[in-house]
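Engineer: requesting a structural model of the entry that follows:
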Amino acid sequence: MAVTGLAEVTLAAREPGGLARFYVEMFRLRELSRDEDRIWLAAGDRARLGLWTPGEKEFGDRGGAHVHFAFTVAPGSLDEIADRLRAAGTDVEGPVQHDGGDRSLYARDPEGNVVEAWDLFERDGEDVSSLR
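Structural biologist: Purely as a prediction, here's the structure:
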């Protein structure tokens, strides 16, 4: 298989600093870099989340307006993430258990993107390659 994972996702943000605070505080992402028009956050060891001001960037890129994306999280961490989100006043659905035993939670970030936290790919010793 040529694709081994997701490298980056970019989101449009009217105020990237505020959106970065949300992801750092709620999901414990780490800031990698900050420029005038974008902020990059580490999303695990091999992926990053870009928070870009609206408008064209190099290569004709524009920060995307996403409906839904998901972070992989460690089993057992969903309740803690849900508690943090709720304490900050964010509506959360879940954690919910799916048919295969994996669990997710869903919330909207301050820009309205639906973000999922999902433990599917982190379950101990299970082959999850054919799931979902």
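Engineer: every contact and neighbour count from this point should use C-alpha atoms.
Structural biologist: Fine.
Engineer: low-confidence ranges, this protein, go.
Structural biologist: Along the chain, the parts satisfying pLDDT under 70 run over 1-4, 59, 62-67, 122-132.
Engineer: where along it do the strands fall?
Structural biologist: Taking DSSP state E, the strands of the chain run over residues 8-12, 30-34, 38-42, 48-52, 68-72, 92-97, 103-108, 114-118.
Engineer: need the contact partners of the second one.
Structural biologist: With contacts defined as CA atoms under 8 Å, 6 or more residues apart in numbering, strand 30-34 is touched by Ala20, Val24, Ile39, Trp40, Leu41, Ala42, Ala43.
Engineer: which one of the strands of the chain is the most hemmed in?
Structural biologist: Comparing these on average neighbours per residue, with mean count of other CA atoms under 10 Å, the densest one is strand 48-52 at a mean of 24.
Engineer: so what touches that strand?
Structural biologist: Applying CA under 8 Å, 6+ apart, the contact partners of strand 48-52 are 7-13, 16, 19-20, 37-43, 62-63.
Engineer: hmm, try it at 6 Å
Structural biologist: Counting contacts by CA atoms under 6 Å, 6 or more residues apart in numbering, the residues outside strand 48-52 that touch it are 8-13, 16, 37-42, 63.
Engineer: I'm done for today, thanks for sticking with me.
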